[in-house]
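Asks: Sequence first, then the predicted structure, then my questions.
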Amino acid sequence: MSELKTKPTAAQTANNWGSRNHIHTLVLMAVTVGGIYFSYLLAVPFLPALAWALALAILFAPLYRWLEAKVKHPNLAATVTVLIVVVIVVVPLVFVAERIVGEAASSAETVKTMIESGAWRRTLESYPLLAPVGDWIEQQLDLPGLVNTATSWLTTLGASFVQGSVLQLIGIMLTFYLLFYFLRDRGAALEWLRFLSPLPKADMNRLFDDVSDTVHATLYGTVVIAIVQGTLGGLIFWWLGLPAPLLWGIVMGLLAVVPVLGAFVIWVPAAIFLVLEGSEGKALLLTLWGAVVVGGIDNLLYPMLVGRRLKMHTVLAFISIVGGLIVFGASGLILGPVIFTVTRFLLEIWCSQSAAEQEKDQAG
């Protein structure tokens, strides 16, 4: 009788094993979550390089596939693709960065000379309606002090640019290092993501297509159009003889990236400056060029480059781009829209599954 009391039953044994398995599962989940969290912390410093490498891999995947079909060697095709991207992206950036620092310094010296000599004041006094504006500016602002501060800031910026060029170079090299593997191992990486994902293969393929469309739409619809607008703005500045056309062209391009803002933030004051200088014809030409050509090229190119790739409302696109830039920096231009796209897709999956379960319950 005592032996029967001390001997565990089959049900108790099953429960013990079940509880042990349950504990093992919880431990495994905790370790996995911890591993994912620490892996995230390790990857954060490389997030910009990862984001730009992913974007470049998506954009240049057709070129890589074409080269791979020709040379029949994935390593060689990926290497040639990376070298082509370097020539297309890095060489112009190095040239522009070198010129922009010089133009910024010379522009600051020009403005400093105008302020110290009082030329700007004499220009305003030639227009009776604007003379009170000059008086107000002199009373409210310390223009020489502001110009000296801006000049020293530009000098410091140039020095920091040179010092930070080593870190920037490391980041660029890392981007192209990752790009090589993103191109060569793209198929294996996508297959691995399909294996890890709880979503069916068809849904994962749709998600990959949506992310690819978002990257294309963001870069072509935002970056390429901003480059075109900045180039057109810089060209008109150069043709009209305005100072630092490359610098102001780049500034106009950067402003064009941000929704609501645009190149007009630069060319409108420049047109006013030309009017004050007595060059009404140049001011009119700049206004027409800025309003019609620079401002209108967006409406012309966007449907051609983007089409229906960006499946986001204008407000959501604005939040994803600007919010991404604020949270992640320059890489947020890619990460913001991609995060919104993935989240929207997952919400659609949840909604469709909920609707299917409701239909099943109603039918039952």
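Replies: Cool, got the structure.
Asks: Helix or strand: which one has Val251?
Replies: helix 245-257 (DSSP states H and E).
Asks: what residue ranges in the chain score low on pLDDT?
Replies: The chain contains residues with pLDDT under 70 at 1-20, 97-167, 259-260, 304-311, 364.
Asks: and Leu325, how many neighbours does it have?
Replies: For Leu325, the neighbour count with other Cβ atoms under 10 Å is 17. For glycine as for every other residue, the C-beta is placed from the backbone atoms N, C-alpha and C.
Asks: Give me the phi and psi angles of it.
Replies: phi -60, psi -40 (degrees, to the nearest 10).
Asks: do Gly234 as well
Replies: Given degrees, to the nearest 10, the pair of backbone angles that Gly234 has is phi -70, psi -40.
Asks: contacting residues for it?
Replies: 245-246, 248-250, 252 (Cβ atoms under 8 Å, 6 or more residues apart in numbering).
Asks: returning to what we had before: give me the buried positions along the helix holding Val251.
Replies: Judged by neighbour count using 16 or more other Cβ atoms under 10 Å, the buried positions of helix 245-257 are 245-253, 255-257.
Asks: go on, stretch 171-179?
Replies: 172, 174-176, 178-179.
Asks: Sitting in helices, which of these do you find?
Replies: 172, 174-176, 178-179 (DSSP state H).
Asks: how deep is the closest residue to Leu240 other than its chain neighbours tucked in, by neighbour count?
Replies: Leaving aside its sequence neighbours, Leu240 sits nearest to Lys282 (Cβ to Cβ, 6 or more residues apart in numbering; 5.0 Å). Using other Cβ under 10 Å, Lys282 has 20 neighbouring residues.
Asks: Might one say that Lys282 is in contact with Leu274?
Replies: Yes - using Cβ atoms under 8 Å, Lys282 is in contact with Leu274, at 4.8 Å.
Asks: what sits in contact with each of these two?
Replies: Common neighbours of Lys282 and Leu274 (Cβ under 8 Å, 6+ apart) are Leu240.
Asks: quick one: what helix or strand has Leu286 in it?
Replies: helix 280-288.
Asks: one step back: quick one: which of the buried residues of stretch 171-179 is nearest Pro74?
Replies: Relative to Pro74, the closest of these is Leu179; by Cβ to Cβ it sits at 13.7 Å.
Asks: any idea how far the closest one is from Met173?
Replies: Per Cβ to Cβ, to the nearest Å, Leu179 is found 10 Å from Met173.
Asks: Return the residues in contact with Asp203.
Replies: Asp203 touches Ile349, counting by Cβ under 8 Å, 6+ apart.
Asks: That one sits in which helix or strand?
Replies: Going by DSSP H and E, Asp203 is part of helix 201-218.
Asks: For that helix, C-alpha coordinates in PDB please.
Replies: Output in PDB follows, covering the C-alpha atoms of helix 201-218 (Å, rounded to 0.1, in the frame of the first residue of the first chain):
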ATOM      1  CA  LYS A 201       6.000  32.200 -48.600                       C
ATOM      2  CA  ALA A 202       3.600  34.100 -50.800                       C
ATOM      3  CA  ASP A 203       3.100  36.800 -48.100                       C
ATOM      4  CA  MET A 204       6.900  37.100 -47.600                       C
ATOM      5  CA  ASN A 205       7.400  37.600 -51.400                       C
ATOM      6  CA  ARG A 206       4.800  40.300 -51.300                       C
ATOM      7  CA  LEU A 207       6.500  42.000 -48.400                       C
ATOM      8  CA  PHE A 208       9.900  41.800 -50.200                       C
ATOM      9  CA  ASP A 209       8.200  43.400 -53.300                       C
ATOM     10  CA  ASP A 210       6.700  46.200 -51.100                       C
ATOM     11  CA  VAL A 211      10.000  47.000 -49.500                       C
ATOM     12  CA  SER A 212      11.800  47.000 -52.800                       C
ATOM     13  CA  ASP A 213       9.100  49.400 -54.200                       C
ATOM     14  CA  THR A 214       9.400  51.600 -51.200                       C
ATOM     15  CA  VAL A 215      13.200  51.900 -51.600                       C
ATOM     16  CA  HIS A 216      12.900  52.600 -55.300                       C
ATOM     17  CA  ALA A 217      10.200  55.200 -54.700                       C
ATOM     18  CA  THR A 218      12.000  56.900 -51.900                       C
END
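Asks: Any buried residues in that helix, and which?
Replies: Those would be 203-204, 207, 210-218, for helix 201-218 by 16+ other Cβ under 10 Å.
Asks: counting contacts, what elements does the helix or strand encompassing Trp267 pack onto?
Replies: In the assignment (DSSP H and E), Trp267 maps to helix 264-276. Counting by 3 or more Cβ pairs under 8 Å, 6 or more residues apart in numbering; DSSP states H and E, the packing neighbours recorded for helix 264-276 are helix 225-239, helix 245-257, helix 280-288.
Asks: what's the closest of the ones you listed to Ala330?
Replies: It's helix 245-257; of the helices and strands packed on helix 264-276, that one is closest to Ala330 (Cβ to Cβ) at 9.8 Å.
Asks: relative to helix 264-276, how tilted is the closest one?
Replies: If you take axes from the mean of the first three to the mean of the last three Cα atoms, to 10 degrees, helix 245-257 sits at 140 degrees to helix 264-276.
Asks: ok, now which ones touch Ala256?
Replies: Taking Cβ under 8 Å, 6+ apart as the test, what Ala256 contacts is 225-226, 229-230, 262-263, 298.
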